[in-house]
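Visitor: sharing a model prediction with you, sequence too.
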Amino acid sequence: MYATSYHRASSVEEAVKLKSANEEGKYLSGGMTLIATMKQRLAAPSDLIDLRHISTLRGISIDGRKVTIGAATPHADVAASRELAAICPAICKLAGHIGDPHVRHMGTIGGSIANNDPAADYPAGLLGLGATIVTDRRSIPADDFFIGLFETALEEGEMVTSVTFNAPEKAGYAKFNNPASRFAMTGVFVAKTAGGVRVAVTGAGSSGVFRHPGFEQALGSNWSADALSNVAVDASNLMADMHANAEYRANLVKVMAKRAVASAG
Amino acid sequence: MGVEGIGARVTRKEDKRFLTGKGRYTDDMTVPGMKYAYFVRSPYAHAKIRNIDATAAKAMPGVIDVLDGKQLQADGIGNLICGWMIHSKDGTPMKMGAWHPLAVDTVRYVGDAIAIVVADSSGEARDAAEAVVVDYEQLPAVVEAVAALASGAPQIHPEAPGNLIFDWQIGEPDAVDKAIATAAHVTEIEILNNRLSPNPMEPRATLGIYDTAEDHYTCYTTSQNPHVARLVMSAFYNVAPENKLRVIAPDVGGGFGSKIYIYPEEIICLWASKKTGVPVKWTSDRTEAFLTDAHGRDHVSKVKMAFDANNRITALKVDTIANLGAYMSLFSSAVPTYLYATLLSGQYDIPAIHANVRTVYTNTVPVDAYRGAGRPEATYLLERTMETAARELGVSPAELRRANFIRTFPHQTPVIMNYDAGDYEASLNAAMQAADWAGFAARRSQSEAKGKKRGIGMSCYIEACGIAPSAAVGSLGAGVGLWESAEVRVNAVGTIEVLTGSHSHGQGHETTFAQLVAGRLGVPIESINIVHGDTDKVQMGMGTYGSRSGAVGMSAVVKALDKVEAKAKKIAAHLMEASEEDIVIENGELKVAGTDKSVPWFQVALASYTAHNLPSGMEPGLKETAFYDPSNFTFPAGCYIAEVEIDPDTGETDIVQFVAADDFGNIINPMIVEGQVHGGIAQGIGQALLESVQYDENGQLLTASYMDYAMPRADDLPSFKLSHQNTPCPGNPLGIKGCGEAGAIGSPPALINAITDAIGHNKLTMPATPMKVWQALHPAH
């Protein structure tokens, strides 16, 4: 790791100020990817501005069916929230299967989505739920937030502060682990929302998380795993690597989608 | 047996320090003035070095020096060697290319060391290493062994035309060909044995300390055999004479073979310490470990097995190509020859065997012994072939094996080995009963009803352990003898130190060796210390690998104990005015048999050191040394059964049960043996289902971290059902066969036999990842 300066911000304002004062600095919100990358000397931010200790960024609040999760809330808190599980168990299950216990206690929802790893779980969850990503500047619908591989709509210095969504009527998440990294080799989040059925796929797309209109249409008219049996999954835009080729991932997309529907609660 | 003697489940004496973080590993060693090393390594798999410019690096903060291969060579440090000479079938010696500890003009794999940077901190050393400018001329690379033999392949070493190191054979080609030509049935199969990275928990590390005043070197290192390291560094690499070089392997966190070898880093850090005048420490990081620790296996084989009309095997023909990587590592030549082809008879009475082995250079990490070393390759090949033959012949896999088992001992195989004892059917029966083999059909129906595919597979393995009779291995080309030494040092108060040339890096010697002594003398286990891993403390020894510490190392302790006991009895007889022949040792006392006369152990020890009243002419003291050279290998054997359930939608394999029935001969500590079997099976499951070293076509290592190299984790493994059968080894005093490698040897074929049984055909290679299994079930993909 190259030398860096660590700052522990205590407010959003302080964090934004620190970031603008240090052009080569980076926000740190768990560091589950960033720290590992720095250790490999593949990233060298001059300054790290830690957001995890900003109290206003932590916690889950529920107002009726409206859910707000602070950006610095660790995965373990989301996994363990009984209030959230009562209205959207799928997102708790998703959070409870990210990485290992260490990752779940350090990693945060804001850190995960700002990084937008193409095999991360939260992008599928938030895209599937039709969530809104709130930043220090604006609100961005999930459909517009996740742009590509490790790429989001966030502008330079912009910080995720929370995510909000309305609890769906039903939702489910199923993922197939990469045998080595245990990231999602394919993960599918399905949700029956007020605005219709949404299906989001992570781990498989060659440009990151994506929605599957064919599945959404089929489930919109018949919410059952069987409804997906005859819907084709196009392998041409799927990722291929040493662990899985595109055809296998296409198969997993369908199998995981069916399992997500079958397990939806 | 007593609660602390042979056969007792004594909890491990060494675990307190390991579990409380008090272990002392090489990287924990700190000495005054110590500095840190970082190695400049090749980013290319094959390139000429045109120039190395360290000017900028030397000027960087904290940098003490940057040293390269030309300087190393100029100081007379020798090349790394392979210590086992193999001759090709045409009589020519193996063609060993030069392995400079620091590359001089050519790099041959990604990770090949080029220069060492010594600096005040490891960070500064690494910064400076990045500033070393190396001018490379890239050359074409080849990573697959078969491709490296093809005409027009890149030439890796000038000494080995066509990249062929040797073309060796064993057995009777004519007899085998004749048997195949007249066989009632011939099973043919191609076998791939995947390439693995050993992944001990502790990465390699070394600390080189040069003492100017004494012209003396100390080397702390992560070694399984510190004496061999000293011998090789002295005799072949010209680092220092043995009396000027102390090698210490303190606590070592796992080896699995990969820490047998002398690597460039130990040599270079010692040399660099003299050059720079400061102690130099290097600790590998995990990616560096993937890039530089010797890999294991990587065989491609073609097999023919011939049967007569009664399903008796009449011949076995094997043609193997083994990838040895970019350089010949210390024992690399022995692994695919005498540790492999000599086990191709398995548990079966095979009248004729012929194996041809070609070893090949490629632009990859050197390949050497990894847990099992040759024997997993032989077992996987043989047991996949037996299973395939049973399917082709329409007989049950168990019956085909039973029909061919060796049943009388000693048994001379056609490939050198002389099996001394065994009861293969006992293990087969125990395993089948534990697995409820008879109930499998019903379980398969239940799985089918759930839409799952179920399969069962077995593997009957044999291995040669207790490595090894020195004269025998010497005649086969080994550069060293493979005996072991022990010194039993009784202190004046009766406590005991046992100095062993074996080395413990996870095996629990500090417990099992102490159990042997406690049981023999009836003294408390707390009064016994095991000393190992330091060439200044312990007499010459050969270290730990090849499941040899029990069978060979403890046999040396037995021999030393025999001498100690004989002297103690003489002293006791003198003290009690009894006849030496009447003295027995029981519960920490020396007694006159049939009387109530006794003298406590400590008093005999004290008497030996006060020397006030010893038998006339006896030397004072109670300390004896012994060297034990085994008369034969030992032959652990057993039967493993795996039962799997496969999800046809994803190809995921669930191991629903795993049974191991092992014959290790006599067992010192069943708890430790079970731990060894558990760990071995976990590594075997890793090989069968998860692990695979992958290079791209340019020789870049794709699996250089745990993000891409899949290690088995707890939830990948079922609860194992273990049992032990026992035909004591007649060749050593304790009847021990060894248990360290069996799990890794026996398990891969059982698993692949089970998976291929479930999917209904044989087109599957290790590791059987979910994608490969899914593809095998859906051949259109």
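Guide: All right, it came through fine.
Visitor: name the residue of the stretch 301-450 of chain B that lies nearest to chain A.
Guide: With C-beta to the nearest C-beta, the shortest gap between the stretch 301-450 of chain B and chain A falls at B:Lys450, namely 14.1 Å. No exception for glycine: its C-beta is placed from N, CA and C like everyone else's.
Visitor: give me the distance between the two termini of stretch B:486-497.
Guide: Using C-alpha to C-alpha, to the nearest Å, the gap from the first to the last residue of stretch B:486-497 comes to 10 Å.
Visitor: now the residue positioned nearest the centre of chain A: closest residue in space, sequence neighbours ignored.
Guide: The C-alpha lying nearest the average C-alpha coordinate of chain A belongs to A:Tyr122 (C-alpha atoms, centre = their mean; 1.8 Å). Sequence neighbours aside, A:Ser112 is the residue nearest to A:Tyr122 in space, at 4.3 Å (criterion: C-beta to C-beta, 6 or more residues apart in numbering or on different chains).
Visitor: now B:Lys274
Guide: B:Tyr210 (4.1 Å).
Visitor: quick one: that neighbour from B:Cys729, how far?
Guide: 45 Å (C-beta to C-beta, to the nearest Å).
Visitor: which one's more surrounded, those two?
Guide: For B:Tyr210 against B:Cys729, the residue with the higher neighbour count under other C-beta atoms under 10 Å in any protein chain shown is B:Cys729, and the figures read 30 against 24.
Visitor: in three-state terms, label the more buried one for me.
Guide: Classification of B:Cys729 by DSSP: H, G, I helix; E, B strand; the rest coil places it in coil.
Visitor: residues in contact with it?
Guide: For B:Cys729, the contacting residues are B:420-421, B:466, B:551, B:634-635, B:665-666, B:735-737, taking C-beta atoms under 8 Å, 6 or more residues apart in numbering or on different chains as the criterion.
Visitor: how many neighbouring residues does the closest residue in space to it that isn't next to it in sequence have?
Guide: Once flanking residues are discounted, B:Cys729 sits nearest to B:Gly665: 4.3 Å by C-beta to C-beta, 6+ apart. When neighbours are defined as other C-beta under 10 Å, B:Gly665 has 30 of them.
Visitor: if we can go back for a sec, JSON lines please, covering the contacts of B:Cys729 and showing distance to B:Asn238, pLDDT and secondary structure.
Guide: Below are the contacts of B:Cys729 laid out as JSON lines (distance: C-beta to C-beta, whole Å; pLDDT from 0 to 100; DSSP: H, G, I helix; E, B strand; the rest coil):
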{"residue": "B:Asp420", "distance to B:Asn238": "41", "pLDDT": "97", "secondary structure": "coil"}
{"residue": "B:Ala421", "distance to B:Asn238": "45", "pLDDT": "97", "secondary structure": "coil"}
{"residue": "B:Gly466", "distance to B:Asn238": "33", "pLDDT": "93", "secondary structure": "coil"}
{"residue": "B:Ala551", "distance to B:Asn238": "34", "pLDDT": "95", "secondary structure": "helix"}
{"residue": "B:Thr634", "distance to B:Asn238": "37", "pLDDT": "97", "secondary structure": "strand"}
{"residue": "B:Phe635", "distance to B:Asn238": "40", "pLDDT": "98", "secondary structure": "coil"}
{"residue": "B:Gly665", "distance to B:Asn238": "42", "pLDDT": "97", "secondary structure": "strand"}
{"residue": "B:Asn666", "distance to B:Asn238": "44", "pLDDT": "97", "secondary structure": "coil"}
{"residue": "B:Gly735", "distance to B:Asn238": "43", "pLDDT": "97", "secondary structure": "coil"}
{"residue": "B:Ile736", "distance to B:Asn238": "38", "pLDDT": "96", "secondary structure": "strand"}
{"residue": "B:Lys737", "distance to B:Asn238": "39", "pLDDT": "97", "secondary structure": "coil"}
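Visitor: one step back: how far away is the residue nearest to B:Cys729 from B:Val644?
Guide: B:Gly665 is 31 Å from B:Val644, by C-beta to C-beta.
Visitor: for B:Ala148, same thing?
Guide: 35 Å.
Visitor: quick one: which of these two has more around it?
Guide: Comparing B:Ala148 with B:Val644 by other C-beta under 10 Å, the one with more neighbours is B:Val644, at 30 against 24.
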